[in-house]
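pasting the sequence and the predicted model now:
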Amino acid sequence: MKTLTLLPMMFALAACGKPAAPENPLDAAARRTCMNTIESRAINSKSVSYIGDTPSAVTRAANGQLELSLKFSAKNEMNIASTMIARCVVSADGKTLVEIAVKDSR
């Protein structure tokens with residue numbers, strides 16, 4: 001009898017975990033370019049952790065460049081984590097970083 005009452009609950013939980021729509025390959029390339037830059041510039045690259053379950057939107061500027069923001073945390077030279085937001089501008093093909101601005105998210 002216990003298994004019958006758990007069955008509807010299991011179906012309800014399974015429905016909550018529906019996968020998000022697949023990301024556009026160009027958006028994914030822009031996101032990866034931004035993430036690679038963040039990790040390469042971090043003092044402790046292994047400490048970089050991205051925050052958020054869903055990826056932020058990638059917008060297209062009039063000149064074709066892609067813009068996105070990523071929230072992440074990373075540890076500094078004293079091993080203290082801080083949360084930051086990076087705003088990246090990437091080339092139209094998503095492969096070249098044009099500009100990055102990182103600020104503390106406080």
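Right, received. Where do you want to start?

flag the shaky bits of the chain, pLDDT-wise.
1-22 (pLDDT under 70).

list the contacts of residue 86.
34, 37, 38, 69, 70, 72, 100, 101, 102 (C-beta atoms under 8 Å, 6 or more residues apart in numbering). All C-beta spots, glycine's among them, are computed from the backbone N, C-alpha and C.

any idea what the fourth one is bridged to?
Right, residue 69. Beta bridges link residue 69 to residue 87, judged by DSSP bridges.

what of the last one?
Beta bridges link residue 102 to residue 86 when assigned by DSSP bridges.

tell me the contacts of it?
Contact analysis of residue 102 by C-beta under 8 Å, 6+ apart lists 38, 84, 85, 86, 87.

helices of this structure, start to end?
2-16, 25-41 (DSSP state H).

buried ones among the contacts of residue 86?
Neighbour-count burial (16 or more other C-beta atoms under 10 Å) applied to these gives 34, 37, 38, 70, 72, 100, 102.

between those residues, which is closest to residue 51?
Proximity of the buried ones among the contacts of residue 86 to residue 51 (C-beta to C-beta) peaks at residue 72, which lies at 6.1 Å.

my read: that closest one touches residue 52, true?
No - in this structure, residue 72 is not within contact of residue 52 by C-beta atoms under 8 Å, at 9.1 Å.

now the contacts of residue 102 as JSON lines including distance to residue 44?
JSON lines is the format used below for the contacts of residue 102 (distance: C-beta to C-beta, whole Å):
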{"residue": "38", "distance to residue 44": "12"}
{"residue": "84", "distance to residue 44": "13"}
{"residue": "85", "distance to residue 44": "18"}
{"residue": "86", "distance to residue 44": "16"}
{"residue": "87", "distance to residue 44": "22"}
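
follow-up on the earlier one: can you list the contacts of residue 86 in JSON lines and add distance to residue 45?
Output for these, formatted as JSON lines (distance: C-beta to C-beta, whole Å):
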{"residue": "34", "distance to residue 45": "14"}
{"residue": "37", "distance to residue 45": "11"}
{"residue": "38", "distance to residue 45": "9"}
{"residue": "69", "distance to residue 45": "20"}
{"residue": "70", "distance to residue 45": "15"}
{"residue": "72", "distance to residue 45": "11"}
{"residue": "100", "distance to residue 45": "15"}
{"residue": "101", "distance to residue 45": "19"}
{"residue": "102", "distance to residue 45": "14"}
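
good, wrapping up.
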